[in-house]
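**Q** Fold the following.
(2 chains)
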Amino acid sequence: GEQVEQRPPHLSVREGDSAVITCTYTDPNSYYFFWYKQEPGASLQLLMKVFSSTEINEGQGFTVLLNKKDKRLSLNLTAAHPGDSAAYFCAVSEDSNYQLIWGSGTKLIIKP
Amino acid sequence: ETAVFQTPNYHVTQVGNEVSFNCKQTLGHDTMYWYKQDSKKLLKIMFSYNNKQLIVNETVPRRFSPQSSDKAHLNLRIKSVEPEDSAVYLCASSQGDGNTEVFFGKGTRLTVV
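**A** As a prediction, the model looks like this:
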């Protein structure tokens, strides 16, 4: 079945710097890709999503890129600010099987 | 705005006790889930329910059981808790198709002493 690997588990960057979190997946039939954000003490909330047909999405200071050839999904933060400190999780699902497979999470810390 | 409600927020109990966590969603979704999030923040799906049918049941110990009265409610019962059950339990719901958002509750933190 589908396996999703997320890297890095921890990431610390300075305010204003960029950050990249990556997930690789194994199933070429994967079609829906999500990034969720979990702020300290809070629950998970959808940050962004991208479909296999679109491959890119932008918003809220983030860019999601999907490389289907390499089966890699990335979350790119262009200019970090303190409010971005959180745990981030990728999730992947197939078109026919709606089960979400989750990455192991990345704890992002933004230093002043 | 919260639309998946979990109670209690916290629960401390002794090994061997039975606990039950409640979850209600007001989104009209047809699928609900229970996840376990451990101290390292790893998310593991435990159960999902769609129209009162158990869809996914991962390798979860038999002492865990989901209980649903209708599609808006999915409770989690743990018959005899073990120390390794200490974690945050997250309830969630979605419309059940692969491209829609999963909405999470704020979680119930269980500590087994």
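**Q** make it CA atoms for all contacts and neighbour counts henceforth
**A** Will do.
**Q** Can you find the helix or strand of chain B with the lowest average pLDDT?
**A** strand B:53-57 (a mean of 75; mean pLDDT, DSSP states H and E).
**Q** Run through the neighbouring helices and strands of that one.
**A** strand B:43-50 (3 or more C-alpha pairs under 8 Å, 6 or more residues apart in numbering or on different chains; DSSP states H and E).
**Q** what lines up beside the strand it packs on in the sheet?
**A** strand B:31-37 (antiparallel), strand B:53-57 (antiparallel) (DSSP bridges).
**Q** so for it, what's the average pLDDT?
**A** For strand B:43-50, mean pLDDT rounds to 89.
**Q** Just the buried positions in the helix or strand hosting residue B:12, please.
**A** Per DSSP states H and E, residue B:12 falls inside strand B:10-13. Buried residues in strand B:10-13, defined by neighbour count with 16 or more other C-alpha atoms under 10 Å in any protein chain shown: B:11, B:13.
**Q** Using CSV, write out every CA atom in the helix or strand following that strand.
**A** Next in sequence after strand B:10-13, counting helices and strands by DSSP H and E, comes strand B:19-25. In CSV, the C-alpha atoms belonging to strand B:19-25 read as follows (Å, rounded to 0.1, in the frame of the first residue of the first chain):
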residue,chain,number,x,y,z
VAL,B,19,-12.7,5.3,29.6
SER,B,20,-15.0,6.8,27.0
PHE,B,21,-14.5,9.8,24.8
ASN,B,22,-17.2,11.6,23.0
CYS,B,23,-17.2,13.3,19.6
LYS,B,24,-19.9,15.1,17.7
GLN,B,25,-19.7,16.9,14.3
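**Q** quick one: the strands in chain A?
**A** A:4-7, A:10-14, A:19-25, A:30-38, A:44-51, A:56-59, A:62-67, A:72-77, A:86-94, A:101-102, A:106-111 (DSSP state E).
**Q** Residue B:84: what secondary structure?
**A** helix (DSSP: H, G, I helix; E, B strand; the rest coil).
**Q** ok, now which ones touch it?
**A** residue B:112 (C-alpha atoms under 8 Å, 6 or more residues apart in numbering or on different chains).
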